[in-house]
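Peer 1: Would you be able to build a 3D model of this:
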Amino acid sequence: MRRWTYHGYTIRPQEQLFKKRGKKVKRQKGEKVKRLMPLYLFASLPLYLLTFSPFLAGCAAVRPGPPVASDLTGISWMLRKPSGTVQNLSLEQIKDTLSSNNTSFTTLKAKAQITLYTPDTSGPLLCEGYIRLQRPNKLRFIGTKLTSTIFDMLTDGETFWLYLPSEKKIYTGRCNSISASGGSAKLGANILPDDIAMLLNYNDALTPGTILTKDVNRTPILETWPGLWLIHIVDLNNGIAILRANLYIDRVGVNVIRYDIFGTGGNIRVQALFDDYARFDNSVIPQKIVILWPDDDTKLILSLTNIVTNEQIDSKVFRFSKPKTVEIVSLNDM
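Peer 2: Here you go, the predicted model:
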């Protein structure tokens, strides 16, 4: 009769007698037989798991996370043909269209439905809020749930503040310096207000010396695909080319559909996806915005409503007032 050896036991199917190293072990009266898995089943277990893993994964409670970059940059996505009539524009014509059409507003007010995914929460954080944006780089963004403030973030283009009432802390730092060094990992919410302001002013990436770097030797490089233009924003430092950002622009409506900003190591540090464009006061505004911080596994989804452009915003909105009994954490000192 065929036998298998498992952890020192000799196993003979159809029998209730086990031998361990030559010694008989009899079953006591009323004792249940311990059934051991035959080796051929044990060895094939990985194959079974591999076969049925898609079904097992569907049963597990898995929190959705940010889409991976390959979902958005694959060749099939780049080669996709749009349903409308594509335009044939030069790089300068694309820049002029973006300046006159998409980013001609000076101020923006909007309400927002907010969904935030972070590694620190078991599920998405859902709340409401409002945004106040004044070009080129002032932003106030507040999230609330019922009557409680979830977060309050502000940037004036030089310094940012992030107030988290649940932690009784205010995180602050110099704009761009924290972003470039990946300092968002030091934040409880893993988000930076100057990142959001920068992404909403995507046309500024095409202007030398504005938001990503002070280097004036900026060169945009145009790629033309069937349904979109891809503009690489490259800075030249002493003959060395550094990729700073990528802009993906729809060739039908000439709208920015994606904006990638790269870190010093060449990875995508923060990314925004824009959708559902509509016209407000001669400006075309995306009503759906998804912002991702891949290294921090953080995703922010904004659905904008009640959008108003070019309406004056009180300067007090962009001045931060420190609440009492709150700790201030300077990220520049960390």
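Peer 1: Check what pLDDT residue 214 gets.
Peer 2: Confidence at residue 214, expressed as pLDDT, is 54.
Peer 1: One more: residue 254?
Peer 2: Among the per-residue scores, residue 254 shows a pLDDT of 91.
Peer 1: Check the burial of residue 316 by counting its neighbours.
Peer 2: Neighbouring residues of residue 316 were enumerated by other Cβ atoms under 10 Å; the total is 8. To be clear about C-beta, it is placed using only N, CA and C from the backbone, and glycine gets the same treatment.
Peer 1: ugh, wrong one, residue 106
Peer 2: When neighbours are counted by other Cβ under 10 Å, residue 106 comes out with 15.
Peer 1: Run through the residues that contact it.
Peer 2: For residue 106, the set of contacting residues under the criterion of Cβ atoms under 8 Å, 6 or more residues apart in numbering consists of 134-135, 309-310.
Peer 1: pretty sure residue 262 contacts residue 245?
Peer 2: Yes - with contact defined as Cβ atoms under 8 Å, residue 262 counts as touching residue 245 (6.4 Å).
Peer 1: More neighbours: which of these two?
Peer 2: Under the criterion of other Cβ under 10 Å, the comparison of residue 262 against residue 245 puts residue 245 first, with 27 against 19.
Peer 1: Can you give me the neighbour number for residue 320?
Peer 2: A total of 18 residues lie near residue 320 under the criterion other Cβ under 10 Å.
Peer 1: In the contacts of residue 106, which has the lowest confidence score?
Peer 2: Across the set of those, residue 135 stands lowest in pLDDT, at 85.
Peer 1: do you know how far that one is from residue 203?
Peer 2: Noted for residue 135: a distance of 10 Å to residue 203, by Cβ to Cβ, to the nearest Å.
Peer 1: returning to what we had before: same list, the contacts of residue 106, but as JSON lines with distance to residue 147 and secondary structure please.
Peer 2: Conversion of these to JSON lines gives the following (distance: Cβ to Cβ, whole Å; DSSP: H, G, I helix; E, B strand; the rest coil):
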{"residue": "134", "distance to residue 147": "27", "secondary structure": "strand"}
{"residue": "135", "distance to residue 147": "31", "secondary structure": "coil"}
{"residue": "309", "distance to residue 147": "29", "secondary structure": "strand"}
{"residue": "310", "distance to residue 147": "31", "secondary structure": "coil"}
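Peer 1: Dump those into a markdown table; add neighbour count and distance to residue 277 as well.
Peer 2: Rendered in a markdown table, the data for those read as follows (neighbours: other Cβ atoms under 10 Å; distance: Cβ to Cβ, whole Å):
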| residue | neighbour count | distance to residue 277 |
| --- | --- | --- |
| 134 | 21 | 21 |
| 135 | 17 | 18 |
| 309 | 18 | 13 |
| 310 | 14 | 17 |
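Peer 1: Can you tell me which of those lies closest to residue 152?
Peer 2: Minimum separation from residue 152 among those (Cβ to Cβ) is found for residue 134, which lies at 16.8 Å.
Peer 1: Pairing partners for the closest one in the sheet, please.
Peer 2: Beta-bridge partners recorded for residue 134 (DSSP bridges): residue 107, residue 138.
Peer 1: if I look at it, how far off is residue 108?
Peer 2: 8 Å.
Peer 1: and what of residue 322?
Peer 2: 26 Å.
Peer 1: out of these two, which sits in the more crowded spot?
Peer 2: residue 108 (22 against 11).
Peer 1: nearest residue to that one other than its sequence neighbours?
Peer 2: Of all residues not flanking residue 108 in the chain, residue 133 sits nearest, at 4.2 Å (Cβ to Cβ, 6 or more residues apart in numbering).
Peer 1: What count of nearby residues applies to that neighbour?
Peer 2: Counted with other Cβ under 10 Å, the neighbours of residue 133 add up to 23.
Peer 1: Please apply the same query to residue 79.
Peer 2: Burial measure for residue 79: 11 neighbouring residues, criterion other Cβ under 10 Å.
Peer 1: thinking it is in contact with residue 228, fair?
Peer 2: No - in this structure, residue 79 sits apart from residue 228 without contact. The criterion is Cβ under 8 Å, and the distance is 10.0 Å.
Peer 1: How about the contacts made by residue 220?
Peer 2: Applying Cβ under 8 Å, 6+ apart, we find residue 220 in contact with 91, 95, 206, 231-234.
Peer 1: ditto for residue 116
Peer 2: Going by Cβ under 8 Å, 6+ apart, residue 116 touches 124-125, 127, 143, 189, 191, 298-301.
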